[in-house]
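S.K.: Give me coordinates for this.
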Amino acid sequence: MGNNYRLLGIKLIMQAVFNKIIFKLLYKFIAVFFLMFLGFTTIAQKVTTYDEAIIFGDNSYAKANLLDAKAYYQLAIKLKPGDDYAKNKILLIVEKMKTARVAEDEYYDIIDLADELYDKNNLVEAIAQYRRALKIIPADEYALTKVREIIKFQTNEKEKIESFGKAMEAGRFYITEKDYDKAINSFREAAGIFPDKDAPISELNVVNNLKAEYEQKLVLVNQKIEEAEKYLMIKNYSEALKIYTEANLILADNEEVMGKITELTPLAENQDKFNKQVEKADEFYIAKDFISARKQYLTAKKLWPEKNYPTDMVEKIDEKLENEKKDLEKNYNQYIVSGDSLMELKEYSQAVGSFNLALNLKPNEAYPKSKLREIDAILAERVKAFEANYDIMISSADSAFNAGLFNIAHDKYKTALEVKPDDKYPKSQLAKIESNLEEIAALEKLNKEYNDLILQADKLYSTGNYDLAIKKYREAQALKSIESYPQAKIDAITLLLADAVKQKQIDDKYNELILIAIQQVKNEKLAEARMSFVNAAELKPYEKMPQLQIRQIDSLIIVKANAAAIKQKFDQYISKGDSLKNQKEYALAIVEYDQALTIFPDDISARQKKKTVESIQINLQKEAERKKAYEDAITKGDELFEVGSFELARVEFEKAQNLRKDQEYPRNRLLNIASALERLAAENEKRYTDALVAADNFFEQQHYEDAVIKYQLANSIKPAERYPKQKIEICNSHIARRLKLIVAEYSVAISDADKLYASKIYDKAIVAFKKAEKIKPDETYPSEMINKINKFIEENSIVDVINVADTIFSGVTEKFDFIPIKINLRKSNYIFI
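M.R.: Now for the predicted structure:
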């Protein structure tokens, strides 16, 4: 059965695709063969001699009856074999027939095109092609009939044709404008004019799919807009712009989104500049480069005049600089010493701060100016080096970008941006990379989903599950409408499944039901329309349009049937939300408002209520964050104060004071810190003086190591003072000289001891090694050699006099012979019994 079914399918495909060609070729073949056979038989009966055959042949040739003429000439050759005249005439006729056949082939190609245009209702172009065919074969009945049909139809149905064409054209225009409701109405109008036309129904299927996709994207865009509006409320323009840009990627050319992007782009850029400017100013302030910090804060203020922070910091710096002028000489010298020290340490940025502060105290002094010029020159050289490396980095990043290595390019542009934070090029390239990576990821995801669906559909197709295969091919087609493969497979399956006559009946019935249903929807007869669409869906289960219309009608029926209940439910959610808002249960209130908005998404009152509560929440959250930041600063400041880190503690208490200006605690703590710093300054002065006195005493007594320790203590208290550093260098010089003498003396002692050891004069070697050990007690070599010699003596300086037990009686003298120990291996003599 399965094989028979497949054979039938193949037969249907062959008939559908090649029907006209086969018919035309077969018709021509039969006609030619029949005429040749009939003509030849008739000619054979009429002509009996060569001359008769030539005369009849020439007459037929003159009348352009080529087949008859060819038959007469062939008979002449039969009557007179090898006749050149007859042969030449036959060759001439064959060439003419070939030319006529080429013209005939061209005629059939034109007719095919004309028929295709006719089927698509493009009657103006169709009649032009039929007339073109008639120029090749002027009396062709088929082409003449078609021309007459079109003229008659255009005369009788002129108004309908024009209305149909306008409706179809309007529908396609509305699709380009994304006005899908108007497009649907236009195609429905066209379907009502000519119910037997497939084009309007096909277009309706397309536009319904487009509308569903558009509405889904619109929901996502509205969610993004709501999210962006939250950031706008707190004036976070950069984040808001980012979210609006994401919304634009989902659904391009949305006027509200595009307007917001245009509006926010300069604000976000300005905000980014302001934030970077403030960060730069804060860095200078923390580094105590108050002059540079002041300039940066003023620049930041110009970027965003409404922000108070730069103004507050400028006032604080001005106050600090003014206070320092009270003890001008001391502060000036201190800044000069600090700047010199920082230059020696190559801390040029901090040195600039010190020299700027000195110059602020004494604007006409040449020394700080010269130092600042010197630092500028050094930094300029550094900038040149940075720029040289920067160009290399950008070139390398561009190469990676052009090669599609976006991750590598991303890292290189980031590094370049650290060298030149204000350069727009790496920023723009990074933005392109982010966009490319998102597009690649989206495309890869789309391709994977499409390929998976195609694999599933192909598998279903190969196993004969055609209905399921069509469903999968349509899902793939929805993902990538530009791909022709899914539609080609759907068409192939449709041909396999369709019986020509039955399918025509199904199509007619389906179209009739669709038109009836559309009219019923217009007349608001929803139940009847639903039944019509259900019947249409049963005829064509794989068509989406009836299913979509059934769902829409079901929704309309439910909405109409339950309108009062839905409104009551909506009001309940709103009432409960209002009650929770009054109880300050803001999160729960938002949940209720969201429930209400799921019922009526466009209700302005519900949206406004939700926005009001969200604003309250944001303000409460900001206040909570400010309170937490204040408490964190107080806690950290107290901890730093307790461990004596008064400068760092002051930064925290100043931060707390800026957050809560009404609080006394940070103000009191700042006063405590000022007192503590004054006290520490006095204590440090005393410690410094005591350390110098002790160090100088040790120095005079030539106790240089002890002196170095005290000078180092003094230097740690006052790093800017030169005296301790100079004395440390002198002490180290004395210590080095003394150490050199000790090393020389030690080397001599070791050399003497090594010689005695080599000569096996161990007792004197021990004395010599002990002498060396006293010279440099920290050296381990002398003690190691002494232990080595003692061990050797213990192991080699005892001699057994007897090896067996013996008895010596009282009053008796015994003599024992033995080899005595060398004198250099012993100091005393002992007998062990």
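
S.K.: hey, let's count contacts and neighbours off CA atoms from now on
M.R.: Noted.

S.K.: Would you state the helices of the stretch 501-650 of the chain in chain order?
M.R.: Remark: helices of the stretch 501-650 of the chain, listed N- to C-terminal, are 526-539, 544-561, 563-582, 586-599, 604-642, 646-659; assignment by DSSP state H, counting those that start in this stretch.

S.K.: Now do the buried residues in the first one.
M.R.: For helix 526-539, a neighbour-count test (16 or more other CA atoms under 10 Å) marks 526, 529-530, 532-537, 539 as buried.

S.K.: Quick one: those residues as a markdown table, columns for pLDDT and distance to residue 545 too.
M.R.: As requested, those are exported to a markdown table (pLDDT from 0 to 100; distance: CA to CA, whole Å):
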| residue | pLDDT | distance to residue 545 |
| --- | --- | --- |
| 526 | 85 | 16 |
| 529 | 88 | 13 |
| 530 | 88 | 12 |
| 532 | 89 | 12 |
| 533 | 89 | 9 |
| 534 | 90 | 11 |
| 535 | 89 | 12 |
| 536 | 88 | 10 |
| 537 | 88 | 8 |
| 539 | 82 | 12 |
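
S.K.: From these, pick the one nearest residue 412.
M.R.: Checking the buried residues of helix 526-539 against residue 412 with CA to CA, the nearest one is residue 537 at 58.3 Å.

S.K.: The closest one reaches residue 543, doesn't it?
M.R.: Yes: applying CA atoms under 8 Å as the test, residue 537 and residue 543 come out as touching, 6.9 Å apart.

S.K.: Residue 705 contacts residue 731, doesn't it?
M.R.: Yes: in this structure residue 705 lies within contact range of residue 731 using CA under 8 Å: 7.4 Å.

S.K.: just to revisit the earlier point, okay if I get the helices of the stretch 501-650 of the chain as TSV plus distance to residue 99?
M.R.: Supplementary listing: the helices of the stretch 501-650 of the chain in TSV, determined by distance: least, CA to CA, whole Å:
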stretch	distance to residue 99
helix 526-539	50
helix 544-561	51
helix 563-582	77
helix 586-599	75
helix 604-642	78
helix 646-659	99
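
S.K.: out of these, nearest to residue 247?
M.R.: Of all those, the one in closest proximity to residue 247, counting by CA to CA, is helix 604-642 (19.8 Å).

S.K.: before we move on, the earlier item: among the helices of the stretch 501-650 of the chain, which gets the worst mean confidence?
M.R.: Per-stretch mean pLDDT for the helices of the stretch 501-650 of the chain is lowest at helix 544-561 (a mean of 82).

S.K.: shaky segments in the stretch 101-250 of the chain?
M.R.: The model of the stretch 101-250 of the chain has pLDDT under 70 over residues 101-102, 120-121.

S.K.: 80 instead?
M.R.: Scanning the stretch 101-250 of the chain with the threshold set as pLDDT under 80 gives 101-106, 118-124, 138-140, 153-162, 194, 196-199, 216, 234-235.

S.K.: Could you pull out the helices in it for me?
M.R.: According to DSSP H, counting those that start in this stretch, the helices that the stretch 101-250 of the chain contains are 123-136, 141-156, 158-176, 180-193, 199-233, 237-250.

S.K.: and the angle from the third one to helix 141-156?
M.R.: Angle between the axes of helix 158-176 and helix 141-156 is 90 degrees (criterion: axes from the mean of the first three to the mean of the last three CA atoms, to 10 degrees).

S.K.: before we move on, what about the last one?
M.R.: Taking the same axes, to 10 degrees, one finds that helix 237-250 is oriented at 130 degrees with respect to helix 141-156.

S.K.: And the next helix or strand past helix 237-250?
M.R.: Downstream of helix 237-250, the next assigned helix or strand under DSSP states H and E is helix 255-286.

S.K.: Just name whatever secondary elements that following helix is in contact with.
M.R.: If contacts are counted by 3 or more CA pairs under 8 Å, 6 or more residues apart in numbering; DSSP states H and E, helix 255-286 sits against helix 237-250, helix 290-303.

S.K.: Let me have the ones you listed in TSV, extended by mean neighbour count and distance to residue 669.
M.R.: Rendered in TSV, the data for the helices and strands packed on helix 255-286 read as follows (neighbours: other CA atoms under 10 Å; distance: least, CA to CA, whole Å):
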stretch	mean neighbour count	distance to residue 669
helix 237-250	20	37
helix 290-303	21	23
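
S.K.: Any chance of JSON lines for those, columns distance to residue 393?
M.R.: Converted to JSON lines, the helices and strands packed on helix 255-286 look like this (distance: least, CA to CA, whole Å):
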{"stretch": "helix 237-250", "distance to residue 393": "27"}
{"stretch": "helix 290-303", "distance to residue 393": "28"}
